[in-house]
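Visitor: dropping the sequence and predicted coords here.
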There are 2 protein chains.
Amino acid sequence: METTGLAAAASRQAHVDAVLDRFFTLATTRAAALGPEYERLWRELELNTRGGKRFRPRMVMGAYQALGGTDLEAAAYVGAAFELLHTALIVHDDVIDRDFVRRGAPNISGAYRDRASAEGSTDAVAEHRGLTAAILAGDLALVNASRLIDRSGVEDVVRARLLEVMDEAIFASAAGELIDVDYSSTQEVPRVDDILTMERLKTAVYSFECPLQAGAILAGASDEVVQTLADFGRDIGIAYQIVDDVLGVFGVETETGKTTIGDLREGKRTVLISYATTAPGWPDVEGLVGKADLTEEEAGRVRELLTASGARSFADGLARYYGNRALARLAEPHIPPALRAELHPVADAVLGRAK
Amino acid sequence: METTGLAAAASRQAHVDAVLDRFFTLATTRAAALGPEYERLWRELELNTRGGKRFRPRMVMGAYQALGGTDLEAAAYVGAAFELLHTALIVHDDVIDRDFVRRGAPNISGAYRDRASAEGSTDAVAEHRGLTAAILAGDLALVNASRLIDRSGVEDVVRARLLEVMDEAIFASAAGELIDVDYSSTQEVPRVDDILTMERLKTAVYSFECPLQAGAILAGASDEVVQTLADFGRDIGIAYQIVDDVLGVFGVETETGKTTIGDLREGKRTVLISYATTAPGWPDVEGLVGKADLTEEEAGRVRELLTASGARSFADGLARYYGNRALARLAEPHIPPALRAELHPVADAVLGRAK
């Protein structure tokens, strides 16, 4: 390789950012012709897209380049498409969860709500104003994810296959979101494998499986390689979700950027909680999981049970199991060394977050 | 023409219904693999699509056939795409308006809310359950509108142009919805022309302008014809909206299927209301427009002012003006007689609803 990994990553990110810049510049100009409010919605959407880590584009472009792809421009369009899909999904997820803040800053709902409040609206009207803006912004991001693939300039057969992959990503994540909301609204805690399925559908499919597949398809890889990447993405995506749930209770806030009490207050259904329901001490803490005003002391009691019951070490072990399965996929003989070199660090990073 | 207008219409509708049937059968089967809850969401979406009048497909296919198009299958895909877009927009519009009923029956939010209630959820949880399902169902309908164009089997250049038209429809309707919510959340009543712009963006573009353009593009019509159809669609669409607003206050419920008090209770910003704000008697009824528990007697007082102030006759006259402008477009020499014969009744029907 002529460039180091770091330089390649920077170059990929620059390409993706350039595609998104152009997309938003065009859309915002077009929106301005329909009025300042609409222009503002597009600016908010752009702000919310900018905050992303560009993780999904990295999956697309990493697979693409490691498989010999050289049309960085086309790959950047496909990468940008998945970034926009990510924005769409978190924007609507926040609407569904009635969250007005993401990572410490107002999200689209929050920005619109706060402005309406400042202009004298009642709380109810201001919240409604915020949620409305976010529903519309999410809609626009969602349809334009497919539009970016459409505009990637790739040949017809490849474009059609990429659109199928994007469709699969959207289809799966809607199912995952629906099941997630079902799980949160019933008393019963689902089984570990049902939670894994839900988390895979909601997040792993569109974050790992589909972007990796898209990169491979764009590079003209064999069906065998595309399938192995899907399998790798599935396993590492599941591992990622398990680790994420553990960090949501046991993480270090300064490292993860998320609190370790939010998931417990919300009563989020995770592998940890599902496992713990089978432990003898569960009845003592059951009432605390999902308690909106859970105190730090109470959270400590839940954490103790999660540790003492073996839930935490079970979850860590399960994450390692899926992570190792993912790594084993990379060892298959039809996976070229460059692809292995590209994805091994991804798996390591996921497992490195686990203790 | 070999078939009468009625037979042609029935044949078109049958083609569109067949496309939608296949689409939903496939999607529902695919959803079932991800669990019964997801399958149910798709069934609800199908139910909500079935209720439609297939008005937008009629625009697509009417323009297409009148311009000599013979591939009814391809036209049906494009027509079905606009029908699905219509479903997506009303589903999300209902979420935004927090409506759980449409045309007397529970919509998606309503069906999910009612089931959650029956299963013992609190009102707040049940409503949230309903709105969540509707956000996701609307998302799925929205992305699949473009997918249906993609799957129409038309050649590349035409497909790309049709996707641009679909994109324009989505782009405009989001702007219109945003502006509509802005207007409803401020005290000030916008000017007549601002209301017309909002109504055009929210409804007329995706219901008239874009479907007609799509049909013409698919038929390989000249740019001149495509443009004239867009202009016709714009004018007749605006006329339709004005008539609709008048019927929303002065209509006959048994004919229109909508109450004549809902718009007043909601404080809907219409041409009627905007005009009336300039009348001397306005301060007397101002407090009644937007009064959630408006009585029939109070509604009567508002109607009286709308009549006495000339708002009603102004609105009727404005609708006729736009309707006549639309008809004049059809008289342009490059519009073939068959197209004129197809669209004249559409304009007549819109104007026939006006008094």
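Guide: Great, that's in hand. Quantities reported herein were computed from a predicted structural model and do not represent experimental measurements.
Visitor: tell me the phi and psi of the residue located most distally from the centre of chain A?
Guide: Here chain A reaches farthest from its C-alpha mean at A:Gly120, the gap being 35.3 Å by Cα atoms, centre = their mean. Dihedral angles phi and psi of A:Gly120 (degrees, to the nearest 10) take the values phi 100, psi 10.
Visitor: all helices for the stretch 151-300 of chain A, in order.
Guide: A:156-184, A:192-199, A:210-218, A:223-250, A:253-256, A:262-266, A:271-276, A:282-285, A:296-308 (DSSP state H, counting those that start in this stretch).
Visitor: what average pLDDT does the fifth one get?
Guide: In this model, helix A:253-256 carries a mean pLDDT of 75.
Visitor: just the fourth one next, same as before
Guide: Average pLDDT, helix A:223-250: 95.
Visitor: so it versus helix A:192-199, what angle?
Guide: Counting by axes from the mean of the first three to the mean of the last three Cα atoms, to 10 degrees, helix A:223-250 lies at 110 degrees to helix A:192-199.
Visitor: tally of neighbours for the single nearest residue of the stretch 101-250 of chain A relative to chain B?
Guide: The minimum distance from the stretch 101-250 of chain A to chain B, using Cβ to the nearest Cβ, falls at A:Ala175 (4.3 Å). Bear in mind the C-beta positions are built from the backbone N, C-alpha and C, glycine included. A:Ala175: 27 surrounding residues under other Cβ atoms under 10 Å in any protein chain shown.
Visitor: now do the contacts for it.
Guide: Remark: with contacts taken as Cβ atoms under 8 Å, 6 or more residues apart in numbering or on different chains, A:Ala175 is in contact with A:201-202, B:31, B:34-35, B:38.
Visitor: for those residues, which one is nearest A:Val125?
Guide: Nearest to A:Val125 among the contacts of A:Ala175: A:Lys202, at 31.1 Å, using Cβ to Cβ.
Visitor: now do the closest one against B:Leu6, distance only.
Guide: 48 Å (Cβ to Cβ, to the nearest Å).
Visitor: show me which of these two is the more surrounded one.
Guide: Legend: neighbour count by other Cβ under 10 Å for A:Lys202 and B:Leu6, higher for A:Lys202 (22 against 8).
Visitor: can you tell me, leaving aside adjacent residues, what's nearest to that one?
Guide: A:Gly176 (2.7 Å; Cβ to Cβ, 6 or more residues apart in numbering or on different chains).
Visitor: for that neighbour, grab the count of nearby residues.
Guide: Residues near A:Gly176, counting by other Cβ under 10 Å: 24.
Visitor: next one: the one 3 residues further on
Guide: Applying other Cβ under 10 Å, we find 23 other residues in the vicinity of A:Ile179.
Visitor: that one contacts A:Leu201, doesn't it?
Guide: Yes. A:Ile179 lies in contact with A:Leu201 (Cβ atoms under 8 Å); the separation is 6.8 Å.
Visitor: please identify every residue contacting each of those two.
Guide: B:Leu34.
Visitor: elements contacting the helix or strand of chain A with the lowest mean pLDDT?
Guide: Between all helices and strands in chain A, the lowest mean by mean pLDDT, DSSP states H and E belongs to helix A:253-256, at a mean of 75. Under the contact criterion of 3 or more Cβ pairs under 8 Å, 6 or more residues apart in numbering or on different chains; DSSP states H and E, helix A:253-256 touches no helix or strand at all.
Visitor: perfect, I'm done here.
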